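1. One predicted model, sequence on top.
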Amino acid sequence: MDPEYEEIRERISRRYNNRAEFLSHLVAYAAINGFIWGVLGPSGIYFTLAAILSGLWGTGLVIHGVQFVLKEAQERAIEREIERERAWRRNMDQVPDGEIKRKRDRLTLNDDGELLEIIEDDVPVRRRR
């Protein structure tokens, strides 16, 4: 099988699993806390235990959520950079062999010693009267 296909499949599976883990954590938190607070109707010592459980588990859920968001942002950034690199390579393929486009080739010094960019127009500029 194509190694590139396997790599892409693994990356997509990893992202899907990351989402699934976070959503399952969120559903478990909501279900169990809903049961504890709603059905048991904690009062007295049960209220304190339920508050501690909800607070600690909620903190863990927030941390998991932050990790999820950062991982998604990282994956998007990687994809954006891969596309940027591919576009750069496509542009490099269009340059004839042995010739490298350099910005330095479009710069020159004027009489005052300042850098000027040479802009080549396809249409010749007419002389002004």
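-> Ah, there it is.
2. The residue nearest the centre of the chain and Arg15, how far apart?
-> Geometric centre of the chain, nearest residue: Arg76, 2.5 Å, by C-alpha atoms, centre = their mean. Distance from Arg76 to Arg15, counting by C-beta to C-beta, to the nearest Å: 10 Å. Placement of C-beta: from N, CA and C, glycine included.
3. Also Leu49?
-> Using C-beta to C-beta, one gets 37 Å for the distance from Leu49 to Arg15.
4. Tyr5 too?
-> Using C-beta to C-beta, Tyr5 is found at 16 Å from Arg15.
5. Also Phe47?
-> Going from Phe47 to Arg15 by C-beta to C-beta gives 40 Å.
6. And the next helix or strand past the strand or helix carrying Ile63?
-> Using DSSP states H and E, Ile63 falls within helix 45-94. Counting by DSSP H and E, the next helix or strand C-terminal to helix 45-94 is strand 107-109.
7. Fine by me, thanks again.
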